[in-house]
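In: Just a sequence and a predicted model for now, questions to come.
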Amino acid sequence: MLRTCGLSCARALFCAALAILAVSSVSPSYARPDARVLASAKKCEPKARALLQQLVQIDSGTGDVAGLAAMGVILKTELEFLGAHVESVPAVTPAVGDNVVATLTGTGKGHVLLIAHMDTVFPHGTVAQRPYRVVGDRGIGPGAGDDKAGIVTAVCALRILHELNYRDYALITLILNSNEETGSVGTRDLIRAKAKESDAVINLERGVPPDGLEIARKGSAVITVEIIGRAAHSGLEPEKGRNAIVEASHQALQLASLANSAKETTVNVTMIQGGNAINVIPDHAVIKADARAFTPEEFDRVETSLQKLASDTIVPEVQVKASMTRNFPPWPWAASTDALLARAQKLYAEIGGKLAGVRVGSSADVAFAAETRTASIDGVAILGGGAHGVDDHADLSSIVPRVYLLTRMLMDLGHNPPVKPAER
C-alpha cells in the first residue's frame with residue numbers, strides 16, 4: 001500500500017498515527033468493571049433491601065438493650081453464614097448493649113477494619129409510629145440511613161467476597177457499635193484497639209449525595225448550664241423569687257455568640273428544662289447545647305468563653321454553673337485519607353462513578369480510629385439523608401454501586417495495604 005502511495009502519502013500516514021497516539025496518551029483511561037463483583041452486587045440487591053427493612057423494623061435507640069440484642073441475633077446469623085467468627089463485646093459502663101465484632105481471616109497481607117453502628121436516636125415505639133416504607137428510590141424509617149444502611153453495605157460486601165472465595169487479605173474486622181449516637185463511650189477503646197491493629201479503616205456512615213465520601217468531620221461537645229434561683233409563690237409574693245427560667249432564657253441566647261461562622265464552629269441550644277409547678281417561681285433550670293468544631297483549639301476557645309458568659313446574668317442573686325464535656329474528637333484532614341480517597345475514586349471509575357471528598361459537620365467513630373494514625377475514610381456506605389429526623393432514609397438506587405465500591409476497596413486494601421507510619 002505504501003509503495004503505491006508514494007513518499008508524501010507515507011509521511012501523512014505517519015503523522016496521522018502520531019496524532020492518534022498523542023490523543024490516546026492524554027485521554028483518561030479507566031479499567032473495566034470487575035464483572036464478577038458487579039454481577040454479585042446486583043445479585044445481592046434484593047437481599048440488601050430485605051435486610052434493611054428487617055433491621056429498620058427493630059427499635060434500637062441507644063440504650064434499648066432488647067432492640068440492640070435483636071439486631072445482634074440477626075447479624076450474628078448473617079455473618080457466621082459468611083464464615084466470620086462473631087462475638088458479643090459488652091459496652092463499657094455507663095453505656096449498655098453488646099457490640100458485635102466479626103472477623104474474617106484470609107491469606108493475604110492487609111488488615112482492614114470496618115465500622116458501623118446499630119443504635120439510633122429514636123426512642124422505643126418510633127417504629128410503630130413510623131414503620132419502614134419505600135417511596136420511589138428511598139427506603140424511609142428510623143435509622144434507615146443512619147446507620148442501618150451502613151450495616152447492610154458491609155454484609156453485602158462480605159457476602160460477595162465469600163461467594164467469590166476471595167481471601168487475598170490477612171484480616172477483615174467488622175465492629176457494629178451499640179452506642180455511637182451518644183458518643184461511643186462504651187466502644188471507643190475497642191475501636192482504637194482494633195484500628196491500631198489495622199492497616200486501614202473504613203467507617204460506614206451513609207454516603208453524601210450526590211456521590212461523596214467524608215474526608216474530615218467536626219468533633220462534638222455538650223455544654224451544660226445549670227441555673228439555681230429561689231422559689232416563691234408566683235401570685236402572692238413573686239418578688240421574693242429568683243426566676244431560674246428567665247435567667248436560663250438569657251443564658252441560652254448568649255450561647256449563640258460562641259459560634260464562629262468563619263471557622264464553621266456551631267453552638268446550638270437543644271434542650272432546656274425548668275420549673276415543676278404552674279404557681280411557683282422556678283428555682284432551677286438546665287440548658288444543654290451541642291457544640292461542633294473542626295479543631296481542638298476551637299473547643300478550647302468555646303470552653304474559655306463559656307465561663308465568661310456564665311458570669312453575665314440578668315436575674316440578681318442567681319447562681320450559674322457552666323461546663324463543657326468533649327465527646328467525639330475532631331477528625332481533621334490527613335494525607336493518608338486523601339490516598340484512600342484516590343484509591344476509591346479509581347475503583348469507582350471502573351463502573352463510571354465519580355467520587356468527591358467532602359468535609360461534614362457531624363461527628364462519628366472514624367475520629368477514634370484516626371487517633372491511632374491508621375489511614376481512615378468514611379461515608380463509603382449506601383447514600384442517604386435526613387439523619388435524626390422523620391425523613392431518615394437510604395437511597396436504594398445506590399445499593400449496587402456502593403456495595404461494588406466497598407467490595408473492591410476490601411480487595412484492593414487486602415492485597416496492597418497502605419504503609420503505616422512509624423509509631424511516635
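Out: Yep, that arrived.
In: And for G136, the neighbour number?
Out: Residues near G136, counting by other Cβ atoms under 10 Å, number 10. (Glycine included, C-beta is placed from N, CA and C.)
In: Do me a favour and get the backbone dihedrals for it.
Out: Main-chain torsions, G136, degrees, to the nearest 10: phi 60, psi -120.
In: my guess is I74 contacts V56, does it?
Out: No. Judged on Cβ atoms under 8 Å, I74 makes no contact with V56 at a distance of 11.8 Å.
In: and these two? which has more neighbours close in?
Out: Using other Cβ under 10 Å, the more surrounded residue of I74 and V56 is V56, with 28 against 16.
In: quick one: that one and A91, what's the gap?
Out: 22 Å (Cβ to Cβ, to the nearest Å).
In: Check S336 too.
Out: Using Cβ to Cβ, one gets 29 Å for the distance from S336 to A91.
In: what do you get for S234?
Out: 44 Å.
In: Please apply the same query to A231.
Out: 39 Å.
In: In terms of neighbours, single out the busier of those two.
Out: A91 (23 against 18).
In: surely the more buried one meets V100?
Out: No. Contact criterion Cβ under 8 Å: A91 and V100 do not qualify, at 11.1 Å.
In: what comes up buried for the one helix or strand I245 maps to?
Out: I245 is part of helix 244-255, with elements assigned from DSSP states H and E. Under the neighbour-count criterion of 16 or more other Cβ atoms under 10 Å, helix 244-255 has 244-252, 254-255 buried.
In: just stretch 144-164 next, same as before
Out: Neighbour counts over stretch 144-164 (16+ other Cβ under 10 Å) mark 144-162 as buried.
In: Low-confidence ranges, this structure, go.
Out: Residues of the chain that meet the criterion pLDDT under 70 lie in 1-30, 424.
In: longest helix in it, by residue count?
Out: Ranked by number of residues, the top helix in the chain under DSSP state H is helix 35-56.
In: where along the protein do the helices fall?
Out: 2-5, 7-26, 35-56, 65-81, 126-129, 149-163, 188-196, 244-255, 296-310, 335-348, 366-370, 399-415.
In: would you list every one of the strands in the stretch 101-250 of the chain?
Out: In the stretch 101-250 of the chain, the segments counted as strands under DSSP state E, counting those that start in this stretch are 111-117, 133-135, 138-140, 171-177, 200-203, 212-217, 219-228, 232-233.
In: Give the pairing partners of the third one; include direction for each.
Out: Spelled out, it's strand 138-140. Strand pairing for strand 138-140, using DSSP bridges, gives strand 133-135 (antiparallel), strand 393-395 (antiparallel).
In: which residues touch that strand?
Out: With Cβ atoms under 8 Å, 6 or more residues apart in numbering as the contact definition, strand 138-140 has outside contacts at 49, 52-53, 56, 132-134, 149, 386, 391-396.
In: Spatially central residue for the chain, please.
Out: In the chain, the C-alpha nearest the mean C-alpha coordinate belongs to E205, at 3.3 Å (Cα atoms, centre = their mean).
In: Quick check, V358 in contact with V208.
Out: Yes. Assessed by Cβ under 8 Å, V358 is found in contact with V208 at 5.2 Å.
In: Which one's more surrounded, these two?
Out: V208 (20 against 15).
In: how close does the nearest residue to R49 once chain neighbours are set aside sit to Y132?
Out: Spatial nearest neighbour of R49, chain neighbours left out: L396 (6.3 Å); criterion: Cβ to Cβ, 6 or more residues apart in numbering. Per Cβ to Cβ, L396 is found 12 Å from Y132.
In: And for N179?
Out: Separation of N179 from Y132 (Cβ to Cβ): 23 Å.
In: With neighbour numbers in mind, choose between those two.
Out: N179 (24 against 20).
In: Please name the nearest non-neighbouring residue to the more buried one.
Out: Nearest residue to N179, sequence neighbours excluded (Cβ to Cβ, 6+ apart): A95, at 4.1 Å.
In: And K218, by the same measure?
Out: In space, K218 is closest to R292, 4.2 Å off (Cβ to Cβ, 6+ apart).
In: wait, doesn't the one you found sit right on S363?
Out: Yes. The pair R292 / S363 is scored as a contact, 7.1 Å apart, by Cβ under 8 Å.
In: who touches both of the two?
Out: Contact criterion Cβ under 8 Å, 6+ apart; residues shared by R292 and S363: 218-220.
In: May I see the PyMOL selection of the buried members of these?
Out: Buried residues among the shared contacts of R292 and S363 (16+ other Cβ under 10 Å), as a PyMOL selection:
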select buried, resi 218+219+220
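In: that older thread, residues bridging contact with V358 and V208, i.e. touching both?
Out: Contact criterion Cβ under 8 Å, 6+ apart; residues bridging V358 and V208 by contacting each: 214, 379.
In: Would you mind measuring from G384 to T153?
Out: According to Cβ to Cβ, G384 and T153 sit 10 Å apart.
In: ok, now which ones touch V358?
Out: 208, 212-215, 379.
In: Redo these as JSON lines? Include distance to L113.
Out: Shown next, in JSON lines, are these (distance: Cβ to Cβ, whole Å):
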{"residue": "V208", "distance to L113": "21"}
{"residue": "G212", "distance to L113": "21"}
{"residue": "L213", "distance to L113": "16"}
{"residue": "E214", "distance to L113": "16"}
{"residue": "I215", "distance to L113": "17"}
{"residue": "G379", "distance to L113": "15"}
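In: which of these tops the neighbour count?
Out: G379 (28 neighbours).
In: Excluding sequence neighbours, find me the nearest residue to that residue.
Out: Counting by Cβ to Cβ, 6+ apart, G379 lies nearest to E214, which is 3.9 Å off, once chain neighbours are set aside.
In: Report the beta-bridge partners for that neighbour.
Out: Under the criterion used (DSSP bridges), E214 bridges to V358, D378.
In: so what's A277 up against?
Out: Per Cβ under 8 Å, 6+ apart, neighbours of A277: none.
In: same question, T295
Out: Neighbouring residues of T295 by Cβ under 8 Å, 6+ apart: 263, 330, 332.
In: Between those, which sits nearest L68?
Out: Taking Cβ to Cβ as the measure, L68 sits nearest to P330 out of the contacts of T295, at 27.6 Å.
In: gap between the nearest residue to the closest one once chain neighbours are set aside and F368?
Out: Of all residues not flanking P330 in the chain, G219 sits nearest, at 3.7 Å (Cβ to Cβ, 6+ apart). Using Cβ to Cβ, we find G219 at a distance of 11 Å from F368.
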